[in-house]
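>>> Model the following, please.
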Amino acid sequence: MNFLVIDDDRIFREATAMLIEDEGHHVESSASAESALAQLREDEFDAVLLDLNLGRDNGLTLLPAILKLRPELPVVMFSAEGTIKIVVRALQLGAADFLEKPFTREQFHAVVARLQRLSQMGRKIERLEEEVKESMAQNPEPLFDFRTPAMTEVMAVLHRAAATSASVLILGESGTGKSVAARALHEQSLVAGKPFITVSCPSLSRELLESQLFGHVRGAFTGAMKDHWGKVKAASGGTLFLDEIGDLPLEIQAKLLRLLQEREYERVGETATHRAEVRVVAATNRSLRQRVAEGAFREDLFYRLNVIAVTMPPLRERPEDLGRFADHYLRHFAQQCGRKLAGFTDEAALCLRRYAWPGNLRELRNVIERTVIMAAGDRIAAADLPAELRGPSAASGAIPAAAHPGTAGATGGPVAEAGALITIDELEETHIRRVLARTRSLVEAADVLGIDQATLYRKRKKLGLD
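Predicted coordinates:
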């Protein structure tokens, strides 16, 4: 933990700092209320130890000012005058605990244990708030009930790995659900109640990525106006997920290797070494073996990460899961948009199955969201899907082919294409049904078909569409 000790007694202040550092924590100190508030504005702390008497200042007066500046920061008061009245007053003003001077190492341990429980509760609250935000954003819940054998095996390996602290490497194309699998691994692990922190390796420059990962001290580089604890510290006790690690700069790879092997790191611009108890999970859509051969990835880091490795199959190799994901996304976005959609027509489902899905689940999600918004009928028809899913003929404006000409389609009529071995009446019926499904009024449909509204009305009645 990172402590700030506020005490005007230099000898006691230094002794307290020494005790804190001996216990493996980081500490800074201040002798006055003014300097303490200045440090709190500049730096991040996990807890404050505040003396009751600060020369001309009073700790009980400073306490509200600290909590106004940092409402969530736990403040432990300490004093040689530990009367019941003073203790009660300190707690009423918002102190997290009270220590009587001089305090023993055991008393300090007990206070730190309580502070760490408070910190864990705070992180849980933050995670719950994030989950609420995600819920408000109405993202689809992930599916884990897979039917594809290869995917079932992947989840079985992750389930077995979850009970260990071993590093896990998740491979697969972009959009296959690597980050979802990483979070599922964390939720099944022994540290499920601890933080799950994500770092996107290609998103920042080398300097900013290094700072984001390991933190920095004030003055380490231009713009470093205060000390900063990075994602490694934030993930302490939990899981650090390194997304797209194949793009991690070589200069940072050595530091990551040390973190994995020795559980140690330094912040940028600092010589002090810090311990890190984190479980590292990494993911990439690149071939790390190829990156090693190219000299872009350290071989020793690759082997250290590759303790347990799984490969997420692309969506085109998961036909058993494709339909279930499409239905899942359809239900979610239909509810979100207030639409009542009964599902996909046979022809639309065929289009989904025969498309290669280069963007995998991410692309499927986006396609279904767009289609739900744009669909004209009560079921998703092939005509509602993007042109690339309907094939070259659909992209050029023709009616897409079905698996078997003459089979039932979106609205109960025959599915047909120009040139198929069917009658003109069947072809006309299919065309009229599709135009009616994609337009919002009879006037618009009649304009598209090139007939007057009376003729369209008669044809609709003949087809039983009234």
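>>> So, low pLDDT: which residues of the stretch 151-300 of the chain?
Applying pLDDT under 70 to the stretch 151-300 of the chain flags the ranges 223.
>>> Now do the helices in it.
178-187, 206-214, 231-234, 250-262, 288-293, 299-305 (DSSP state H, counting those that start in this stretch).
>>> So what touches the first one?
This means helix 178-187. 142, 144, 154-155, 158, 161-162, 168, 170-172, 192, 196, 198, 238-239, 241, 243, 279, 281, 283, 285, 310, 312 (C-beta atoms under 8 Å, 6 or more residues apart in numbering). C-beta here means a position set from N, CA and C on the backbone, and glycine is covered the same way.
>>> And residue 75, how close does it get to residue 66?
6 Å (C-beta to C-beta, to the nearest Å).
>>> for the chain, what spans make up the strands?
Secondary structure of the chain (DSSP state E): strands at 2-6, 26-30, 47-51, 53-54, 57-58, 75-79, 97-100, 168-172, 196-200, 239-243, 264-265, 274-275, 279-284, 308-312.
>>> Distance to residue 334 and mean neighbour count for those strands - can I get that in TSV?
Output for the strands of the chain, formatted as TSV (distance: least, C-beta to C-beta, whole Å; neighbours: other C-beta atoms under 10 Å):
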stretch	distance to residue 334	mean neighbour count
strand 2-6	48	23
strand 26-30	52	19
strand 47-51	49	25
strand 53-54	62	18
strand 57-58	62	15
strand 75-79	50	24
strand 97-100	52	18
strand 168-172	29	23
strand 196-200	29	19
strand 239-243	30	23
strand 264-265	47	16
strand 274-275	49	14
strand 279-284	31	26
strand 308-312	27	18
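>>> Out of the ones you listed, which gets nearest to residue 358?
strand 168-172 (13.1 Å; C-beta to C-beta).
>>> so what strands line up beside the closest one?
strand 279-284 (parallel), strand 308-312 (parallel) (DSSP bridges).
>>> Between those, which one is closest to residue 117.
Judged by C-beta to C-beta, the one of those that comes nearest to residue 117 is strand 279-284, at 20.8 Å.
>>> thinking again about what came up before, turn the strands paired with strand 168-172 into CSV, columns for distance to residue 327.
Output for the strands paired with strand 168-172, formatted as CSV (distance: least, C-beta to C-beta, whole Å):
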stretch, distance to residue 327
strand 279-284, 27
strand 308-312, 21
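>>> could you dump the strands of the chain to a markdown table with distance to residue 213?
Formatted as a markdown table, the strands of the chain follow (distance: least, C-beta to C-beta, whole Å):
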| stretch | distance to residue 213 |
| --- | --- |
| strand 2-6 | 17 |
| strand 26-30 | 18 |
| strand 47-51 | 24 |
| strand 53-54 | 37 |
| strand 57-58 | 39 |
| strand 75-79 | 30 |
| strand 97-100 | 32 |
| strand 168-172 | 18 |
| strand 196-200 | 6 |
| strand 239-243 | 9 |
| strand 264-265 | 8 |
| strand 274-275 | 12 |
| strand 279-284 | 11 |
| strand 308-312 | 22 |
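>>> Tell me which of these lies nearest to residue 331.
strand 308-312 (23.4 Å).
>>> pLDDT averaged over the closest one - what is it?
In this model, strand 308-312 carries a mean pLDDT of 94.
>>> now the helices of the stretch 151-300 of the chain as a markdown table including distance to residue 222 and mean neighbour count?
Formatted as a markdown table, the helices of the stretch 151-300 of the chain follow (distance: least, C-beta to C-beta, whole Å; neighbours: other C-beta under 10 Å):
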| stretch | distance to residue 222 | mean neighbour count |
| --- | --- | --- |
| helix 178-187 | 33 | 20 |
| helix 206-214 | 10 | 20 |
| helix 231-234 | 21 | 20 |
| helix 250-262 | 18 | 16 |
| helix 288-293 | 31 | 15 |
| helix 299-305 | 29 | 17 |
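>>> Identify whichever of these lies nearest to residue 114.
Once those are compared by C-beta to C-beta, helix 231-234 is nearest, at 20.3 Å.
>>> how distant is the closest one from the center of its chain?
In terms of C-alpha atoms, centre = their mean, to the nearest Å, the centre of helix 231-234 is set 15 Å apart from its chain centre.
>>> what packs against it?
Judged by 3 or more C-beta pairs under 8 Å, 6 or more residues apart in numbering; DSSP states H and E, helix 231-234 is in contact with strand 196-200, helix 206-214.
>>> Residue 225: how many residues sit nearby?
For residue 225, the neighbour count with other C-beta atoms under 10 Å is 9.
>>> typed the wrong thing, it's residue 190
Residue 190: 11 surrounding residues under other C-beta under 10 Å.
>>> Does it touch residue 163 like I think?
Yes: in this structure, residue 190 is within contact of residue 163 by C-beta atoms under 8 Å, at 6.6 Å.
>>> Can you redo the helices of the stretch 151-300 of the chain as JSON lines, where the extra columns are distance to residue 105?
Shown next, in JSON lines, are the helices of the stretch 151-300 of the chain (distance: least, C-beta to C-beta, whole Å):
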{"stretch": "helix 178-187", "distance to residue 105": "34"}
{"stretch": "helix 206-214", "distance to residue 105": "30"}
{"stretch": "helix 231-234", "distance to residue 105": "24"}
{"stretch": "helix 250-262", "distance to residue 105": "27"}
{"stretch": "helix 288-293", "distance to residue 105": "46"}
{"stretch": "helix 299-305", "distance to residue 105": "37"}
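>>> right, so of these, which gets closest to residue 268?
Short answer: helix 206-214, nearest of these by C-beta to C-beta, at 5.3 Å.
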